[in-house]
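1. Give me a model of this one.
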Amino acid sequence: MSFENAAVTKGLVVYCALSSLLVGIFDIKHYFHIQFVPHISRYHQYWRLITHHLAFTNSSDLFLGELILYNVGIRIERQFGSLKFASFAFISLLVSTLLEFVALILFHKVGLNHIAMGPSAFIFSLLYQYSRIVPGAYAYRIFGLPLSNKSTNYLLAFQLAISRLPGSALSAIIGVMTGQIYRSDLAGLNTYRLSPSIIRFAQKFLYPLIGSLRPPRRSNRALPDDLRTGGPRPDSSQHNEEVITTAQNQGPSGTPATAGDVAQPRNGPSVMREWVDELTGRADRANTGLRVPTESEISHLTAMFPTLEREVVIGALQRSPNIEAAVETLLASQT
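-> Numbering: from 1, shown residues only. As a prediction, this is how the structure comes out:
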């Protein structure tokens, strides 16, 4: 899976990695940490409600978050489109920030005094869309427990939710609630789109920074194992490489070939000929450096030298580069 048609997801993946790395290198994590007491209630540092979304606490949370973003974000962005997905990320950030502020006010006296760093709320909001939009490809059971191909992402999210209790669990719950609010069409949140000026700015300055979004190039040629892995290649004078392709045959005008198109002759030995050579041992002799004579050459020399046995004629042809040299060898042996 590549980042094709998922520019916003790739930008988020790159940003989360760089921001978390820089915050750790410059030792400024304390600016991204948030507690209701004393940061909000005493010092009124409301900007921490925004900054705590910008970087992960540690490398384990970063690793889990990046895996979920890659596995889930690409599929959701391809369903939404990049513009709607970017708008969804912005709305999720605002709604989750408001809900976190309300939760800290209501529950700080019972131990919920802080919230884990990182965009965990957005990730869980994204997971809610994933659970409602993307169907499971297959199902299986482990010890009688029904699972699907989506269960791995849910397991990663569960580890992220319990990594920094109770703040990480609060962030996970708020993220799921944010996803439900967005999908419920409350106040028309899912119809909001970012302004054209922001889109133009992103296309001009941010889009070139995320690199190529092209899908990986897949070859349609099927080659033998020794050729594909860089093994020894047979001598071109003895064997012509037969190109086997999985692409659809093309007609003379570039369109797919039909039954009425005239088949073009192939260069090189056929698959059946190679199989017969292996059964008769000709392939082994060719690999040892002996030339494999054709049936016409054998018949021609047998007619020229009727007194010689067939094995002698074949041996002379095998040791000679061509039929003329074989004739000279046989003539010299009779003098």
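2. hey, let's count contacts and neighbours off CA atoms from now on
-> OK.
3. How about residues contacting stretch 206-216?
-> Applying CA atoms under 8 Å, 6 or more residues apart in numbering, the contact partners of stretch 206-216 are 2, 3, 4, 5, 6, 7, 10, 11, 14.
4. 10 Å instead, please
-> Stretch 206-216 has contacts (CA atoms under 10 Å, 6 or more residues apart in numbering) with 1-8, 10-15, 199-203.
5. If you drop the residues flanking it in sequence, what lies closest to residue 97?
-> In space, not counting the residues next to it along the chain, residue 97 is nearest to residue 49; the distance is 6.3 Å by CA to CA, 6 or more residues apart in numbering.
6. so how far is whichever helix or strand that neighbour is part of from its chain's centroid?
-> Assigned by DSSP states H and E, residue 49 belongs to helix 48-51. Distance of helix 48-51 from its chain centroid, counting by CA atoms, centre = their mean, to the nearest Å, is 34 Å.
7. Which strands or helices does whatever helix or strand comes next after it pack on?
-> Using DSSP H and E, the helix or strand that directly follows helix 48-51 along the chain is helix 59-68. Judged by 3 or more CA pairs under 10 Å, 6 or more residues apart in numbering; DSSP states H and E, the packing partners of helix 59-68 are helix 7-25, helix 120-133, helix 151-161.
8. Give the next helix or strand downstream of the helix or strand hosting residue 176.
-> Using DSSP H and E, residue 176 maps to helix 167-183. Where DSSP H and E defines the elements, the next helix or strand beyond helix 167-183 is helix 196-201.
9. pLDDT value on residue 79, please?
-> We have a pLDDT of 91 for residue 79.
10. typed the wrong thing, it's residue 32
-> 89.
11. coming back round to it: so which of the helices and strands packed on helix 59-68 gets nearest residue 140?
-> For residue 140, the closest of the helices and strands packed on helix 59-68 is helix 151-161, at 10.1 Å, according to CA to CA.
12. what comes up buried for the closest one?
-> 153, 157, 160, 161 (16 or more other CA atoms under 10 Å).
13. What lies in contact with that helix?
-> Here helix 151-161 has contacts from 60-65, 67-69, 71-72, 116, 120-121, 123-124, 127, 130-131, 136, 139, 163, 167-173, using CA under 10 Å, 6+ apart.
14. follow-up on the earlier one: go ahead and confirm the residue nearest to residue 97 touches residue 98.
-> Yes - between residue 49 and residue 98 there is a contact at 8.6 Å, judged by CA atoms under 10 Å.
15. and the two? which has more neighbours close in?
-> Counting neighbours by other CA atoms under 10 Å for residue 49 and for residue 98 shows that residue 49 has the greater number, 22 against 14.
16. Just the pLDDT at the more buried one, thanks.
-> Predicted confidence (pLDDT) for residue 49: 91.
17. circling back: may I see the helices and strands packed on helix 59-68 organised as CSV, with distance to residue 297 and mean pLDDT added?
-> Shown next, in CSV, are those (distance: least, CA to CA, whole Å; pLDDT from 0 to 100):
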stretch, distance to residue 297, mean pLDDT
helix 7-25, 64, 92
helix 120-133, 69, 94
helix 151-161, 65, 94
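18. Relative to residue 327, which of those is closest?
-> Nearest of those (CA to CA): helix 7-25, 70.6 Å.
19. Show me what the closest one is packed against.
-> Using 3+ CA pairs under 10 Å, 6+ apart: helix 7-25 touches helix 59-68, helix 74-80, helix 82-107.
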